[in-house]
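S.K.: Sharing a model that was predicted from the sequence below.
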Amino acid sequence: MGIEIERRFLVDGRNDKPWRTGEFSEIVQYYLENVKHVDGRLLWNEIQLAEDDRELKNLTTWRIRYTNGIATITAKGRRFGATANEYEWPVETEIYNSLPLDELPKVEKTRHYWRGDDDLLWEVDEYEEPIAGLIIAEVELEDEEQNVILPTWVGLELTYLPGWSNASLSRMIKDSIRN
């Protein structure tokens, strides 16, 4: 079982953007419902996405991400503080391309990679339409008590605030498009 420990922050992108150091990824991620784990297979709408013989319990969020020509399915458990269970599996590109994803909640973003003064890797997500202008930075940690030198360009900490996950943002986008 994987554990993800991360802190998340709003970023004010009106001035200099030191996180734009050249290394970045274009990401699109869709949020899936009703993923089933049956006989070691991960199924969505009866389509096999991946295989896993582990016992998977209490997973609340499923997403499929496509970045740099690679598709990945990720399952996350409920977040407690900055910590959540997280599992990840590769998905064959042919399978990804065949999935009916158009009507699903999604976010699109450019992710920039930036090293802090403490040598921690920050991932800075600049979101695309319809939430263009929103920038969120996150840093993954070894434990919740790990010391982090915060860059001057981070603002409000979102780690403990509900409604700021990518899954929540994708549902908000989908709901606003419907209305």
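M.R.: Good, I have the coordinates.

S.K.: for this structure, what's the longest helix?
M.R.: Counting by DSSP state H, the longest helix found in the chain is helix 166-178.

S.K.: List the contacts of it.
M.R.: Contacts to helix 166-178, defined as Cβ atoms under 8 Å, 6 or more residues apart in numbering, come from residues 29-31, 61, 63, 104-107, 127, 130-131, 134, 162-163. Just so you know, the C-beta spots here come from the backbone N, C-alpha and C atoms, and that holds for glycine as well.

S.K.: can you give me the helices for the chain?
M.R.: With DSSP H as the criterion, the chain has helices at 93-98, 166-178.

S.K.: now those in a markdown table, with mean neighbour count?
M.R.: Compiled in a markdown table, these are given as follows (neighbours: other Cβ atoms under 10 Å):
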| stretch | mean neighbour count |
| --- | --- |
| helix 93-98 | 12 |
| helix 166-178 | 15 |
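
S.K.: For residue 154, which of the ones you listed is the nearest?
M.R.: Closest approach to residue 154 among these (Cβ to Cβ): helix 166-178, 17.7 Å.

S.K.: From residue 152, how far out is residue 101?
M.R.: Note on residue 101: its distance to residue 152, by Cβ to Cβ, to the nearest Å, is 38 Å.

S.K.: who has more neighbours, those two?
M.R.: Each of residue 101 and residue 152 has its neighbours counted (other Cβ atoms under 10 Å); residue 101 has more, 16 against 7.
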